[in-house]
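In: Provided below for reference: sequence and predicted model.
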Amino acid sequence: MKGLSVLGSPRHNGNNALLLQEINSSLKENCNIKLDKIEIDNLDISPCLSCDYCKKNINCTIADDMIKLYSKFDEADIILISSPLYFNTVSAQLKAMIDRCQALWANRFVLKKPLIDPNKKRLGAFVSTAGQPITNDRFKYVTSTLDLFFKAISADYYDNFFVGNIDHKPITNRPKIISDAYDWGERLAQELKRL
Ligand SMILES: Cc1cc2nc3c(=O)[nH]c(=O)nc-3n(C[C@H](O)[C@H](O)[C@H](O)COP(=O)(O)O)c2cc1C
């Protein structure tokens with residue numbers, strides 16, 4: 001079993017990093033998974049140019065790290081994305097990655113030549129933290145972006161792990177949240193075994 005874990009925060013020791021570390025170790029301890037861990041800002045990913053190359057040709061015309069990521073999405077059984085909430089959506093680094101998945105959408109639905117296997121079962125899961133407290137609509141907008149992203153990579157959007165009030169109470173001071181993150185990883189592992 002293979003997994004891809006993507007840190008979308010530019011803070012490599014921040015709140016998302018800590019949560020992801022906990023969830024990654026829980027996944028590893030609870031199912032036999034080979035996890036590929038990626039810090040998105042270490043990759044070279046240009047924004048989509050809307051050039052329509054992908055409506056006429058397989059793949060994307062921009063030759064950067066996104067090409068490798070398409071294959072990683074294809075091979076993964078679980079794709080775990082984490083992001084701090086920035087203006088109600090994901091970080092800009094992660095948004096560039098998501099927009100580049102337009103090539104997957106166009107290859108599959110316009111060109112009818114999917115770049116990644118649309119019939120393979122994949123789980124999509126999302127971790128996000130907000131500086132402000134959780135309200136009914138705090139994560140409403142970011143989840144609609146993630147919903148389209150997981151559709152583009154042919155993954156089932158399984159679940160979210162959200163934490164609010166981060167700017168007043170960082171994760172390091174919240175042991176209960178850390179153990180909840182571990183338990184959530186365990187649930188992901190159980191679901192993976194059912195794939
Ligand atoms: C550019 C920027 C935009 C932000 N926008 C929001 C926002 O819309 N809502 C919110 O609750 N917090 C917002 N925050 C606070 C971050 O979500 C918070 O600091 C983050 O969750 C910390 O995660 P990290 O330590 O993993 O980077 C923003 C912070 C930055 C730097």
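Out: Received, thanks. Residues are numbered from 1 along each chain as shown.
In: neighbouring contacts of stretch 64-76?
Out: Here stretch 64-76 makes contact (Cβ atoms under 8 Å, 6 or more residues apart in numbering) with 2-4, 36, 38, 43-46, 59-60, 79, 97, 100, 103-104, 115-117, 120, 122, 153, 155. All C-beta atoms are positioned from the backbone trio N, CA, C, and that covers glycine.
In: One more: stretch 13-22?
Out: 5, 7-9, 11, 37, 80, 82-84, 127-129, 161, 163, 166, 170-172, 177-178, 181-182, 185.
In: Quick check: PyMOL command selecting the buried ones in the residues you listed.
Out: Of the contacts of stretch 13-22, the buried ones go into a single PyMOL selection, burial set by 16 or more other Cβ atoms under 10 Å:
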select buried, resi 5+7+8+9+80+82+83+84+127+128+129+161+163+166+171+177+181+182+185
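In: Go through the contacts of stretch 13-22 and flag which are in helices.
Out: Per DSSP state H, helices hold the following members of those: 177, 178, 181, 182, 185.
In: how close does the spatially most central residue of the chain get to residue 49?
Out: Nearest to the mean C-alpha position of the chain, by Cα atoms, centre = their mean, lies residue 81 at 2.2 Å. For residue 81, the distance to residue 49 (Cβ to Cβ, to the nearest Å) stands at 23 Å.
In: tell me which parts of the chain are close to the ligand?
Out: Within reach of the ligand by Cβ under 6 Å from any ligand atom, the chain has these residues: 9, 11, 14-16, 84-88, 129-132, 166-167.
In: hmm, try it at 5 Å
Out: 9, 11, 14-16, 84-88, 129-132, 166 (Cβ under 5 Å from any ligand atom).
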